[in-house]
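Enquirer: Give me a model of this one.
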Amino acid sequence: MSTSTQSSRDINLSNIPISKSGFENALLEIKELVGVENVKLDLDERLHFSRSTLAQGTVPSAIIKPNSRQEVEAIVKISNEYRLHVHPISSGKNWGYSDACAVMDGQLLLDLSRMNRILEVNESLGYITIEPGVTQGQVYEYLIKNKIKLWMDATGAGPDTSIIGNTMDRGFGHSPYGDRYGHSCGYEVVLPSGKVLNTGFGRFENSKVTEVYKWGVGPSVDGLFTQSNFGIVTKMTLWLMPAPEDFCVVGFMLKEENDIAELIERLRPLRMDGTLKSVIHIGNDLRLVSMSQSYPFEEMERSVSLSMEKRKELARKHGIGFWSGTAGLYGSSDQVAADLKKIKKALKGFKGLKNFVVFTEKRLDMIKKAIGLLNHFGFAKELATLVEKATLGFELLKGKSPKTCVQGGLWRVKNQHSLAPIDSTNPLDYNAGFYWISPVLPMQGLHIKNLISIVEPIFHRYGFDLQQTISMTTERALTSVMTISFDKKNEVESQKAKLCHDEVVQRLMTEGYIIYRAGNHTMKFVSEENSTFHEFLSSVKNAIDPQQTISPGKYLSAQ
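Expert: This next block holds a predicted model:
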């Protein structure tokens, strides 16, 4: 496993105020507050946190690890006093967007991973209250260990990722509770002044309904603290789904690239009428192949986008279609049976359907046993691949994020998981390079075809493969997550990745397919300085954070 970090020559260190007396005095106070061992100043440690899946990261001036909201309050007040900038992270695993990096060099990195307490679980009302360091793997294991009949929504980013961190970036998962922001409430926020604000009904002393009703009374401000630099969320309640009486996973594969348009047209009515309750994720061939192997360097003269012929060869090798997806069905046995019947009816006569399978836990176990026997005779390779992918989807839809999540990010890492075992869930440990671009589009087949026709030629012109997922995120909207994978050790390829990213995002914004989420390198495309929207947010920022103490440049151009 490669553990190389970016060298100091690759990073602008000029903005790091290590020698300034104000900075030194601030750090003395912070050390006394949190303990010397929880303030990291050495260059190696700072370079470690500057690692990024993007072509270039940013270097913090120090890493501070508080253990409580009170310590966060004090750190923010000290930062205000000495005019320092603070960038909070929950676990620092914001893969493909910014990882643990602030927008600019020289900020104090506030690592909240020590604040990892599960504060309350209410089984009858179906909620959990947590701190920012709590990971989705931690919650999953807690629910299993304590035999709590609630399921958490999970993302595919891995068990070590923060729930609050993902929610604050308005990430989405796989289950009927996939809209994490919509299923969260009761934020406890440290403002740039160091004061504490509680959202919703949490602002009322002795409120008994903070955890069960999102909006409170009067203006709702929860959204102001997502995708923003208005405060630091130190506590949040997340709603959990009651474990259903019955549950199964529908898996399907499509034959050709254009078949995705008809599939969406057939499934949209079922998403809108509530038959399909989960977020349906549909990955293209390269997205799935990258989860099992890296780019076939040994077969290619140079790193270029793969031909359609080569892609079909890899799809046959891995036993997949051009598109593969899963959907979870939840409810009573009768309800699941009725929903399954409607899905089959909707897909009847669909010529683009390569495979359609239904998995229950019992059926998966039976198939795995059968595959074990058939493998002795060299059979069942395609079935084994299908079951492996189905198992990942099955577990995700039940709230368990896979440890193998890192594999898809290693597509352009030479001779990595095609030859060596994966022993880390962190793509940064492999020096993996990738950008994620995530536009939203209306849930209509014509928009998917249009999106691909816009984006794919740009990817290919720069020599990259379009690894793509289409997700039926809401009842009316699709989100496409597209990956630019590149070799970070190759400066030319890294530069091409940045140029490709910029051209794709600019073109998508021009065409009206706006990205739902931005990384550091993408902030420039969403900070429209001359818009009324930007003017309003800037006025809020300047009113509550006149010294730009928290994350300057994040989603708002730095003043």
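
Enquirer: hey, let's count contacts and neighbours off CA atoms from now on
Expert: Fine.

Enquirer: Return the set of residues that bridge with Val233.
Expert: Counting by DSSP bridges, Val233 forms beta bridges with Val189.

Enquirer: how near is it to Glu188?
Expert: Applying C-alpha to C-alpha, to the nearest Å, the value for Val233 to Glu188 is 6 Å.

Enquirer: One more: Thr199?
Expert: Following C-alpha to C-alpha, the distance that separates Thr199 from Glu188 is 7 Å.

Enquirer: ditto for Thr474
Expert: 27 Å.

Enquirer: neighbour-wise, which of these two wins?
Expert: More neighbours surround Glu188 than the other of Thr474 and Glu188, with 23 against 20 (other C-alpha atoms under 10 Å).

Enquirer: buried sites along stretch 280-291?
Expert: Within stretch 280-291, the residues that count as buried by 16 or more other C-alpha atoms under 10 Å are Ile280, His281, Ile282, Gly283, Asn284, Asp285, Leu286, Arg287, Leu288, Val289, Ser290, Met291.

Enquirer: Now pLDDT too, for these, in JSON lines please.
Expert: Converted to JSON lines, the buried residues of stretch 280-291 look like this (pLDDT from 0 to 100):
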{"residue": "Ile280", "pLDDT": "95"}
{"residue": "His281", "pLDDT": "94"}
{"residue": "Ile282", "pLDDT": "96"}
{"residue": "Gly283", "pLDDT": "95"}
{"residue": "Asn284", "pLDDT": "97"}
{"residue": "Asp285", "pLDDT": "97"}
{"residue": "Leu286", "pLDDT": "96"}
{"residue": "Arg287", "pLDDT": "94"}
{"residue": "Leu288", "pLDDT": "92"}
{"residue": "Val289", "pLDDT": "93"}
{"residue": "Ser290", "pLDDT": "92"}
{"residue": "Met291", "pLDDT": "87"}
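
Enquirer: What about the residues you listed, which are in strands?
Expert: Ile280, His281, Ile282, Gly283, Asn284 (DSSP state E).

Enquirer: Those residues into JSON lines, with extra columns for distance to Asp105?
Expert: As requested, these are exported to JSON lines (distance: C-alpha to C-alpha, whole Å):
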{"residue": "Ile280", "distance to Asp105": "38"}
{"residue": "His281", "distance to Asp105": "36"}
{"residue": "Ile282", "distance to Asp105": "37"}
{"residue": "Gly283", "distance to Asp105": "35"}
{"residue": "Asn284", "distance to Asp105": "36"}
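
Enquirer: Show me which of these is closest to Ser91.
Expert: For those, the minimum distance to Ser91 (C-alpha to C-alpha) is 24.8 Å, reached by His281.

Enquirer: ok, for that closest one, nearest residue in space, not its chain neighbours?
Expert: In space, and not counting its chain neighbours, His281 is closest to Ser471: 4.4 Å by C-alpha to C-alpha, 6 or more residues apart in numbering.

Enquirer: For Val481, see how far away that neighbour is.
Expert: Taken as C-alpha to C-alpha, the span from Ser471 to Val481 is 8 Å.

Enquirer: Comparing these two, which shows the higher neighbour count?
Expert: Using other C-alpha under 10 Å, the more surrounded residue of Ser471 and Val481 is Ser471, with 22 against 19.

Enquirer: Using the three-state scheme, assign the more buried one.
Expert: What DSSP: H, G, I helix; E, B strand; the rest coil gives for Ser471 is strand.

Enquirer: That one contacts Ile280, doesn't it?
Expert: Yes. Assessed by C-alpha atoms under 8 Å, Ser471 is found in contact with Ile280 at 5.4 Å.

Enquirer: what residues are shared contacts of these two?
Expert: Among the neighbours of Ser471, none is also in contact with Ile280 (C-alpha atoms under 8 Å, 6 or more residues apart in numbering).

Enquirer: who's in contact with Lys77?
Expert: Lys77 neighbours (C-alpha under 8 Å, 6+ apart): Pro192, Ser193, Gly194.

Enquirer: right, and out of those residues, which lies closest to Cys500?
Expert: Nearest to Cys500 among those, with distances taken as C-alpha to C-alpha, is Pro192, at 35.8 Å.

Enquirer: Relative to Ala370, how far out is Glu73?
Expert: The value you get for Glu73 to Ala370, if C-alpha to C-alpha is used, is 57 Å.

Enquirer: and what of Gly283?
Expert: Relative to Ala370, and taking C-alpha to C-alpha, Gly283 is found at 27 Å.

Enquirer: mind checking the end-to-end distance for stretch 538-552?
Expert: Start-to-end, stretch 538-552 (C-alpha to C-alpha) is 11 Å.

Enquirer: buried stuff in it?
Expert: Ser538, Lys541, Ile544, Asp545, Gln547, Gln548, Thr549, Ile550, Ser551, Pro552.

Enquirer: could you point out the longest helix in the protein?
Expert: helix 491-511 (DSSP state H).

Enquirer: Could you point out the helix or strand that follows that one?
Expert: For helix 491-511, the following helix or strand on the C-terminal side (DSSP states H and E) is helix 523-526.

Enquirer: Quick check: mean pLDDT of that following helix?
Expert: Helix 523-526 shows a mean pLDDT of 92.

Enquirer: So which residues lie in contact with the helix or strand following it, not counting its own?
Expert: Proceeding N to C from helix 523-526, the next assigned helix or strand is helix 532-544, under DSSP H and E. Here helix 532-544 makes contact (C-alpha under 8 Å, 6+ apart) with Leu191, Pro192, Ser193, Asn229, Phe230, Ser527, Glu528, Glu529, Gln548, Leu556.

Enquirer: residue contacts, Thr167?
Expert: Arg180, Tyr181, Thr226.

Enquirer: Let's verify it: helix, strand, or coil?
Expert: Three-state call for Thr167 (three-state DSSP): helix.

Enquirer: how much space between Thr129 and Gly274?
Expert: Thr129 is 28 Å from Gly274, by C-alpha to C-alpha.

Enquirer: Which of the two has more residues huddled nearby?
Expert: For Thr129 and Gly274, the more surrounded residue by other C-alpha under 10 Å is Thr129, and the numbers stand at 21 against 12.

Enquirer: quick one, phi/psi of the more buried one?
Expert: Dihedral pair for Thr129: phi -110, psi 130, per degrees, to the nearest 10.
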